[in-house]
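Asks: Need coordinates for the following:
(2 chains)
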Protein chains: 2
Amino acid sequence: MSNKKPLSIIKIGGNIIDNPNELSQFLVDFSNIEGNKILVHGGGKSATKMAQSIGLTPQMIDGRRITDKPMLDVVVMIYAGEINKNIVAQLQANETNAMGFSGADGNLIQSTKRNHPTIDYGFVGDVQKVNTTLLEVLISNGIVPVFCAITHDKKGQLLNTNADTIASELAIALSDFFEVTLNYCFEKAGVLKNVEDENSVIQQINSDLYSKLKDEGAIHSGMIPKLDNCFNSLSKGVQKIKIGHHSMLQNKQALHTTITL
Amino acid sequence: MSNKKPLSIIKIGGNIIDNPNELSQFLVDFSNIEGNKILVHGGGKSATKMAQSIGLTPQMIDGRRITDKPMLDVVVMIYAGEINKNIVAQLQANETNAMGFSGADGNLIQSTKRNHPTIDYGFVGDVQKVNTTLLEVLISNGIVPVFCAITHDKKGQLLNTNADTIASELAIALSDFFEVTLNYCFEKAGVLKNVEDENSVIQQINSDLYSKLKDEGAIHSGMIPKLDNCFNSLSKGVQKIKIGHHSMLQNKQALHTTITL
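Replies: Numbers count the residues shown, from 1 in each chain, chains lettered A, B, ... in the order given. The predicted model follows:
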């Protein structure tokens, strides 16, 4: 039996961010989660909209945004500014003592600019280290950290960083100090056996079943990096990972997928 | 002799923010200041530029921006996002453990929406209280807070807030715990007797001299609310206030104005 205190890390994506009513409801549910917790949020459509309205053309390769300097400015504004601060203000109204962070703040998440052999992703960061000492101080003072998907290289450069990866790297780093449950909330009820059927949620996945489902083609495209991240996190000490609709946070009976090694 | 530790609060304005080279130099100088410190930054021209590029027309009354909802979104993006996070990343590169905040973060600065009898300022906040307990925890853990000019009402609403006022309210609240020196950095070498002559810096101003200079018309327009703020802060416990070009932070010989009661 571990003496570590529990910590819930919850990652939400664009489907929640883009819907103000759903976001408000989620933030009430998040505020009701007991104990230590961290929120990680992605960006949603507003960065793309803003980029278009100032005349930029967003570029994607393999589902990842290519972040040139003007696009970096936009994602920093939208993710660290508009989205992060509005979430923090709403959580404060819910009596949750939220504090919003990029990885640059307190050097909480340091990255290196991605150096890919064939694709120039631009100002995209791969997480290098998490400042667990400072995060522990904040959490033990009742702070609920809210991370946006922006990090830095400790040399003055901000970097756009995948929010799923931020959530898993925080979970791994903090599993030395806490018993971490990592929750990925998205638009579906969980990992589906049949993407057309919301009731086909696979309730438990382990690494053997994952290999089998990939071979069968039942799990493909965007779900593969998400699940690869999960198994990597579990192998590095994260206790439990749940994937599903955010209603799983309040309703223990709600269908969702639990991932184990 | 006070047992309080010294704390320097430095406010910078648009003239520094709008010039990347000057900002970088300032941030090096700021990093070299010894002991506890806080940075408060204004917005500069980029919020106005962004507003124009997405088709908004900024409105001003008496030198204050009227902040309707679309303009609030812009200032939150630019102040709390782009400017704040780029400053934090640069300070981190200078080995200063900066952490960027709006007033919503950790409920550090709570405001009320301005209720003016004749002018609707929109989403503008007047500072109500500062969370000194949490600020002390952060500062005692080596954190250098960097505040943008955004606060919140603790009911979920972000509010645009004058950066000079944020600096003075922080100085007043923290003077219970620290011996606070408040530094206002702007484009001039100090308060000038003759606005055309950079060498006419008034090196010391007390409240009697201030009344006299106002009566003579030597101090007018934008300088009046700045100095009113100063005398208010001094009467509420702030130790010392300096006004001048940011070079005064490194060069003790540089001309500047010191304000005392």
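
Asks: tell me which parts of the stretch 51-200 of chain A are close to chain B?
Replies: A:53-54, A:73, A:76-82, A:84-86, A:88-90, A:92-93, A:97-102, A:104-107, A:134, A:137, A:141, A:143, A:150, A:152, A:154-158 (C-beta under 8 Å from any C-beta of the partner chain). For glycine as for every other residue, the C-beta is placed from the backbone atoms N, C-alpha and C.

Asks: are any of the residues you listed buried, and which?
Replies: When those are checked for burial by 16 or more other C-beta atoms under 10 Å in any protein chain shown, the buried set is A:73, A:76-82, A:84-86, A:88-90, A:92-93, A:97-102, A:104-107, A:134, A:137, A:143, A:150, A:152, A:154, A:156-158.

Asks: Where does pLDDT dip in the stretch 1-150 of chain A?
Replies: A:1-2, A:63-65 (pLDDT under 70).

Asks: Now the closest residue to chain B within the stretch 101-250 of chain A, what are its backbone angles?
Replies: In the stretch 101-250 of chain A, the residue that lies nearest chain B is A:G156 (3.8 Å; C-beta to the nearest C-beta). Dihedral pair for A:G156: phi 100, psi 0, per degrees, to the nearest 10.

Asks: my read: it touches B:Q90, true?
Replies: Yes. Using C-beta atoms under 8 Å, A:G156 is in contact with B:Q90, at 4.8 Å.

Asks: Look up the closest residue to the residue of the stretch 101-250 of chain A closest to chain B, ignoring the ones flanking it.
Replies: Spatial nearest neighbour of A:G156, excluding adjacent residues (C-beta to C-beta, 6 or more residues apart in numbering or on different chains): B:A93 at 3.8 Å.

Asks: Could I get the contacting residues of that neighbour?
Replies: Each residue near B:A93 by C-beta atoms under 8 Å, 6 or more residues apart in numbering or on different chains is listed here: A:154-156.

Asks: One more: A:Q90?
Replies: Counting by C-beta under 8 Å, 6+ apart, A:Q90 has contacts A:23-24, A:27, B:156.

Asks: Next up, identify which helix or strand it is on.
Replies: According to DSSP states H and E, A:Q90 maps onto helix A:84-93.

Asks: who does the following helix or strand past that helix touch, helix- and strand-wise?
Replies: The helix or strand immediately downstream of helix A:84-93 is strand A:98-101, counting by DSSP H and E. Where contact means 3 or more C-beta pairs under 8 Å, 6 or more residues apart in numbering or on different chains; DSSP states H and E, strand A:98-101 is packed against helix A:84-93, strand A:144-147.

Asks: what residues does strand A:98-101 touch?
Replies: Applying C-beta under 8 Å, 6+ apart, the set of residues contacting strand A:98-101 is A:39, A:80, A:84-85, A:87-88, A:91-92, A:108, A:138, A:143-148, B:99, B:101-102, B:104-106.

Asks: Could you tell me the phi and psi values at A:T260?
Replies: phi -130, psi 170.

Asks: List the residues that contact it.
Replies: By C-beta under 8 Å, 6+ apart, the neighbours of A:T260 are A:204-206, A:234, A:240.

Asks: so what's the closest residue to chain B within the stretch 51-200 of chain A up against?
Replies: Scanning the stretch 51-200 of chain A for proximity to chain B using C-beta to the nearest C-beta identifies A:G81 as nearest, at 2.2 Å. Applying C-beta under 8 Å, 6+ apart, we find A:G81 in contact with B:76-82, B:84-85.

Asks: Mind doing that once more with 10 Å?
Replies: Going by C-beta atoms under 10 Å, 6 or more residues apart in numbering or on different chains, A:G81 touches A:75, A:100, A:102, A:148, A:150, B:73-85, B:102, B:148, B:150.

Asks: ok, now A:H152?
Replies: Neighbours of A:H152 in contact, by C-beta under 10 Å, 6+ apart: A:102-105, A:107-111, A:125, A:158-159, A:161, B:85-86, B:88-90, B:92-93.

Asks: For it, give me phi and psi.
Replies: Dihedral angles for A:H152 - degrees, to the nearest 10 - are phi -150, psi 170.

Asks: For A:D73, see how far away it is.
Replies: Noted for A:H152: a distance of 14 Å to A:D73, by C-beta to C-beta, to the nearest Å.

Asks: And A:H116, by the same measure?
Replies: From A:H116 over to A:D73 (counting by C-beta to C-beta), the distance is 22 Å.

Asks: list the helices and strands the helix or strand where A:E179 lies packs on?
Replies: According to DSSP H and E, A:E179 maps onto strand A:178-185. Judged by 3 or more C-beta pairs under 10 Å, 6 or more residues apart in numbering or on different chains; DSSP states H and E, the packing partners of strand A:178-185 are strand A:5-12, helix A:20-32, strand A:36-41, helix A:132-140, helix A:163-174, helix A:223-235, strand A:240-244, strand A:257-259.

Asks: Switch those over to CSV; also include distance to B:I9.
Replies: Formatted as CSV, these follow (distance: least, C-beta to C-beta, whole Å):
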stretch, distance to B:I9
strand A:5-12, 34
helix A:20-32, 32
strand A:36-41, 30
helix A:132-140, 22
helix A:163-174, 32
helix A:223-235, 41
strand A:240-244, 44
strand A:257-259, 48
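
Asks: Other residues contacting stretch A:56-73?
Replies: Here stretch A:56-73 makes contact (C-beta under 10 Å, 6+ apart) with A:43, A:47-52, A:54-55, A:74-76, A:114, A:116, A:118-125, A:150, A:157-162, A:221-222, A:225, B:46, B:50, B:77-78, B:81-82, B:86.

Asks: will you turn the contacts of B:A93 into CSV that also has distance to A:Q250 and pLDDT?
Replies: Output for the contacts of B:A93, formatted as CSV (distance: C-beta to C-beta, whole Å; pLDDT from 0 to 100):
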residue, distance to A:Q250, pLDDT
A:K154, 38, 98
A:K155, 42, 98
A:G156, 42, 98
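
Asks: Distance to B:I166 added to those, as JSON lines?
Replies: Putting the contacts of B:A93 into JSON lines (distance: C-beta to C-beta, whole Å) gives the following:
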{"residue": "A:K154", "distance to B:I166": "28"}
{"residue": "A:K155", "distance to B:I166": "29"}
{"residue": "A:G156", "distance to B:I166": "25"}
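
Asks: what number of residues lie near the closest residue to A:K226 other than its chain neighbours?
Replies: Once flanking residues are discounted, A:K226 sits nearest to A:D164: 5.9 Å by C-beta to C-beta, 6+ apart. With neighbours defined by other C-beta atoms under 10 Å in any protein chain shown, the count for A:D164 comes to 22.

Asks: Distance check, A:K252 against chain B.
Replies: Using C-beta to the nearest C-beta, to the nearest Å, we find A:K252 at a distance of 28 Å from chain B.

Asks: Distance of A:I219 relative to A:H41?
Replies: According to C-beta to C-beta, A:I219 stands 25 Å off from A:H41.

Asks: ugh, wrong one, A:H152
Replies: 18 Å.

Asks: what's next to stretch A:218-225, contact-wise?
Replies: Taking C-beta under 10 Å, 6+ apart as the rule, stretch A:218-225 contacts A:62-64, A:162, A:164-165, A:186, A:188, A:191-195, A:200, A:202, A:205, A:209-214, A:226-227, A:243.

Asks: Which of the residues you listed are buried? Put it as a ChimeraX command.
Replies: This is the ChimeraX syntax for the buried subset of the contacts of stretch A:218-225, where burial follows 16+ other C-beta under 10 Å:
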select /A:162,164,165,186,188,191,192,202,205,210,213,226,227,243
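
Asks: Out of the contacts of stretch A:218-225, name the ones that lie in helices.
Replies: A:164-165, A:209-214, A:226-227 (DSSP state H).

Asks: ok so, going back, from the contacts of B:A93, which single one is nearest B:D18?
Replies: Closest to B:D18 out of those is A:G156 (18.2 Å), distances taken as C-beta to C-beta.

Asks: quick one, what contacts the closest one?
Replies: A:104, B:24, B:27, B:86, B:88-94.

Asks: From the contacts of A:Q90, list just the buried residues.
Replies: Buried among the contacts of A:Q90 (16+ other C-beta under 10 Å): A:23, A:27, B:156.
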